[in-house]
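Q: Sequence first, predicted coordinates after that:
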4 protein chains.
Amino acid sequence: MPEKQQTEESPTPPQRAEERPRRRQARGERRIAELLGAAAAVFCRSGYTAASTNAIAREAGVSPGTLYQYFPNKEAIAVGLGDQLLEHWARSHGQALTSENIGLPLDRMLDAVLDPLIAFNVENPAFAVLMHGPDTPGPIADEIGTVHCALLARVEEMIATRLPDLPPDERTVTANMTLHLFKAGLTLIMSHEGSERDAYIAELKTVMHRYLEPLLEREHPVGR
Amino acid sequence: MPEKQQTEESPTPPQRAEERPRRRQARGERRIAELLGAAAAVFCRSGYTAASTNAIAREAGVSPGTLYQYFPNKEAIAVGLGDQLLEHWARSHGQALTSENIGLPLDRMLDAVLDPLIAFNVENPAFAVLMHGPDTPGPIADEIGTVHCALLARVEEMIATRLPDLPPDERTVTANMTLHLFKAGLTLIMSHEGSERDAYIAELKTVMHRYLEPLLEREHPVGR
Amino acid sequence: MPEKQQTEESPTPPQRAEERPRRRQARGERRIAELLGAAAAVFCRSGYTAASTNAIAREAGVSPGTLYQYFPNKEAIAVGLGDQLLEHWARSHGQALTSENIGLPLDRMLDAVLDPLIAFNVENPAFAVLMHGPDTPGPIADEIGTVHCALLARVEEMIATRLPDLPPDERTVTANMTLHLFKAGLTLIMSHEGSERDAYIAELKTVMHRYLEPLLEREHPVGR
Amino acid sequence: MPEKQQTEESPTPPQRAEERPRRRQARGERRIAELLGAAAAVFCRSGYTAASTNAIAREAGVSPGTLYQYFPNKEAIAVGLGDQLLEHWARSHGQALTSENIGLPLDRMLDAVLDPLIAFNVENPAFAVLMHGPDTPGPIADEIGTVHCALLARVEEMIATRLPDLPPDERTVTANMTLHLFKAGLTLIMSHEGSERDAYIAELKTVMHRYLEPLLEREHPVGR
DNA sequence: GATGAATGAGGATTCATTCAT
DNA sequence: TATGAATGAATCCTCATTCAT
């Protein structure tokens, strides 16, 4: 894994990036992973708001103090988990949301984008929890909304690539709406199983296809 | 309190068993309304999970004990508030989701249905909060999901009326998806103001129009 | 990492068993000094009770474990710091509290004693913090009261020298009172700056002069 | 007791002084007193900084929640206790610090002022604890320094009465010094018992007499 | 009916200290 | 030596709920 802590195994003095490079030991790295895993489980079980740091520590099999050695508070855990999942996503299917699919016809592009994304959510249900954030209203994505924001940026990027002539305002609206439609569909998908789930997957694709197709038409009018 | 036992120990001859209870009920109703109003405010401020019964009581200007005289627990408050809002909705724009709009062309029907619904949500933001429920995943609508369920029933009903030939499975899927699309759009709408809000309203209508139109086509093939 | 452990696994034969331990001690001394400096800073910032060993370690730029390698507990740090400051004091102005000033007329003696002491406190505010000890009542000076005790001994000594005929009881009372007066004045002095501070310094000297002069009179009745 | 809550026993609507008169019930009033008593005990035992709200609740024989129904945090408890003690003092020996003693010769005035004050502190050792505040440095008297401030005001007042020609600056200095001398002496007094205590009481009076007498001389030069 | 009092377990977070590496 | 990891009890404080008045 490329972007890890290179501090401890690097023999050269790490030129102390900030103050104290916080020489993280291997065990600590593992602990962080365990804690994030535990956090994922607890967030899924109880939702972000109702999740308690003590419960996360318990789930991870460590004492509360240990948790706080790695994360200053609950929010930081959520952010950390979001980052981890985002990284995980980037590593495993990162290309799904990028260039290579941009040129495909819409239906195949939707498959190429949505299928891995849905699969990833099914395997990492905490991703969906973080995507939705706490039920607290107000600046939804402010703090723990890393995931939402990252996805939104990707969607906006894709739209910008595919529909370069769309004015920025419209692009924002479209991106927001697209992401929200996806989140809505995902909720439905994840609350069903088997063939029902498949039906909702198909339906979501239908929704998005019908929503987005006219935009593409407008941009690249199929000579008629 | 409506369904409590104030009848048996009443020392007065139980004549006019009508009038007094009614008085009490009247005051009780007012209390309940006050409490629900307070709950609406607090739910909007903090979300369902983070809302505290003490905060609701404080907001209502009563003591915690009083609150528990009318509602056995926090959940019941949410349910009660949902019912109240649903009733309020039924009384004020109830027809919007019913028969009379069924016959309209899709775009006008969407206006007829969505505009009042959005307006209602803007005026009663707690409605949206309840529609979404706590961020706790799992059996989403189980307990406090009255609002979601009621709306879902209405949507399903409308679809059944308008598309009587749709097989029940598909109808459920369509209804669920429609409602979720609406919720997604509503989130966007309510987190913006002014012209941005209007843009999202228009966009939501676009989404729904594009999603639903083909279904109608299928049903009533415009003889062509 | 500069000062790591290249000492013990060093393959050179352990002759010169003298020099190496001295090295270690030297490094240890430095560490201790760093830790005490950090402790001074933290004690001043938060007071003794609220100071945390972790904060001291952080301030010193070392890990908690390292701190506990040199001090068995928080109290020991305070004691160590007290000792260090006392030594520092002895080295820099030690004579101030001793013989040479004993013979001066009271007002000049007060200048000779108080000015350096006040200056020392201003430069080493932790000295004052330790002098006062934790706000915990009871056996005030028991544990960390090294500073208080040392000063008290000096004061008593000076009094004994200057007023050899004072009965021991009275001497104790006088010494205690004198020291407490000084601490009280010091508090005032250190919580002001500039000319206000000067005013309090003058006032403290006045207080002490008026308090002590009659004692001297009694002892050395100005030939009348 | 004149200045109590007159809200609950008054039959007339209490014209809601602020928002909600917080109709305190008798039991609550008692609880507050118990809690303050417990706080006094714990503050004396552990000092302000080390005192814990849970310990206070335990001492009072109630649950932590109960404590927090009456006080929002530890500081508020200290303030409340300070107020209570100040009131108690005002009621019992209030006149000691006021007019009637102003005219006495200094030695008798010191007796009249200090004896009750010392007795009060001996009976209410928490008073001394609050007078000294937390060992945290900085704005000492800011928050819980009610007691210190109240006393300081009284001292300044007395000085202003007795020495009306003293310039304000000097008055402040004198008042501050006087109060600090008293606090210093009190510490000594309270950490001793029996005849030793008496000796320190006498010594404190000596200190203050010698400190203050010249000021009075200056003001009312005994025609000589 | 209404109130405020009371609870106590549980929330987040910190801390002095110990331990394996 | 030095480190960071780990602890777990203790910190302050909140909450849903019950109870006596």
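A: Cool, got the structure.
Q: Let's see the lowest-mean-pLDDT helix or strand in chain A as CSV, backbone CA atoms only.
A: In chain A, no helix or strand scores lower on mean pLDDT, DSSP states H and E than helix A:99-102, which sits at a mean of 72. Once side chains and other backbone atoms are set aside, the C-alpha atoms of helix A:99-102 remain, and they are given as CSV (Å, rounded to 0.1, in the frame of the first residue of the first chain):
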residue,chain,number,x,y,z
SER,A,99,-12.5,8.8,-17.5
GLU,A,100,-12.7,5.4,-19.0
ASN,A,101,-16.4,5.2,-18.7
ILE,A,102,-17.1,8.6,-19.8
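Q: contact partners of that helix?
A: If you take Cβ atoms under 8 Å, 6 or more residues apart in numbering or on different chains as the criterion, helix A:99-102 is touched by A:95, A:109, A:112-113, A:158, A:161-162. Any C-beta I mention is one placed from the backbone N, CA and C, and that applies to glycine too.
Q: Buried ones in the helix or strand containing A:Arg218, by neighbour count?
A: In this structure, A:Arg218 sits in helix A:194-219 according to DSSP states H and E. For helix A:194-219, a neighbour-count test (16 or more other Cβ atoms under 10 Å in any protein chain shown) marks A:196-197, A:199-201, A:203-208, A:210-212, A:215 as buried.
Q: how far off helix B:194-219 does that helix point, in degrees?
A: Between the axis of helix A:194-219 and that of helix B:194-219 there is an angle of 110 degrees, by axes from the mean of the first three to the mean of the last three Cα atoms, to 10 degrees.
Q: Show me what helix A:194-219 is packed up against.
A: Under the contact definition 3 or more Cβ pairs under 8 Å, 6 or more residues apart in numbering or on different chains; DSSP states H and E, helix A:194-219 sits against helix A:106-123, helix A:168-190, helix B:168-190, helix B:194-219.
Q: With distance to DNA strand F and mean pLDDT added, can I get these in CSV?
A: Formatted as CSV, those follow (distance: least, Cβ to the nearest atom of the strand, whole Å; pLDDT from 0 to 100):
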stretch, distance to DNA strand F, mean pLDDT
helix A:106-123, 26, 95
helix A:168-190, 25, 97
helix B:168-190, 24, 97
helix B:194-219, 31, 93
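Q: Ok, which of these comes nearest C:Ala184?
A: Closest approach to C:Ala184 among the helices and strands packed on helix A:194-219 is made by helix B:168-190 (62.7 Å; Cβ to Cβ).
Q: circling back to that earlier point, nearest to B:Thr172 among the contacts of helix A:99-102?
A: Ranked by distance to B:Thr172 (Cβ to Cβ), those are led by A:Val113 at 26.1 Å.
Q: For the one residue sitting closest to the centre of chain A, list the residues it contacts.
A: With distances taken as Cα atoms, centre = their mean, chain A has A:Val147 as the residue nearest its mean C-alpha position (4.2 Å). Counting by Cβ under 8 Å, 6+ apart, A:Val147 touches A:82, A:85-86, A:127, A:130-131.
Q: Next one: it from A:Ser52, what distance?
A: When Cβ to Cβ, to the nearest Å is applied, the distance between A:Val147 and A:Ser52 equals 21 Å.
Q: that older thread, just the buried residues of the helix or strand hosting the residue nearest to the centre of chain A, please?
A: In this assignment (DSSP H and E), A:Val147 forms part of helix A:146-162. When burial is assessed from 16+ other Cβ under 10 Å, helix A:146-162 yields the following buried residues: A:146-148, A:150-152, A:154-159, A:162.
Q: How many residues are close by A:Phe127?
A: The burial metric for A:Phe127, expressed as a neighbour count using other Cβ atoms under 10 Å in any protein chain shown, is 25.
Q: Equivalent analysis for A:Ser92, please.
A: When neighbours are counted by other Cβ under 10 Å, A:Ser92 registers 13.
Q: Double-check it against A:Phe120; I have them as touching.
A: Yes - taking contacts as Cβ atoms under 8 Å, A:Ser92 lies within contact range of A:Phe120: 7.2 Å.
Q: domain ranges for chain A?
A: Under the assignment named as automatic domain parsing, the residue ranges that make up the domains of chain A are A:26-72, A:83-219.
Q: Which of the ones you listed sits closest to C:Arg58?
A: Nearest of these to C:Arg58, taken as Cβ to Cβ: domain A:26-72 at 12.7 Å.
Q: Now do the closest one, average pLDDT.
A: On average, the pLDDT along domain A:26-72 is 95.
Q: so, in contact with chain C or not, that domain?
A: No - using Cβ under 8 Å from any Cβ of the partner chain, no contact is recorded between domain A:26-72 and chain C, whose separation bottoms out at 10.5 Å.
Q: what about that domain, how long is it end to end?
A: Between the start and the finish of domain A:26-72 there is a gap of 20 Å, counting by Cα to Cα, to the nearest Å.
Q: ok, now stretch A:118-131?
A: This stretch, stretch A:118-131, spans 13 Å end to end (Cα to Cα).
Q: Outside of that stretch itself, list whatever touches it.
A: Outside stretch A:118-131, the residues that touch it by Cβ under 8 Å, 6+ apart are A:39-41, A:43-44, A:47-48, A:78, A:81-82, A:85, A:88-89, A:92-93, A:144, A:146-148, A:151, A:183, A:186-187, A:189-190, A:201, B:135, B:137.
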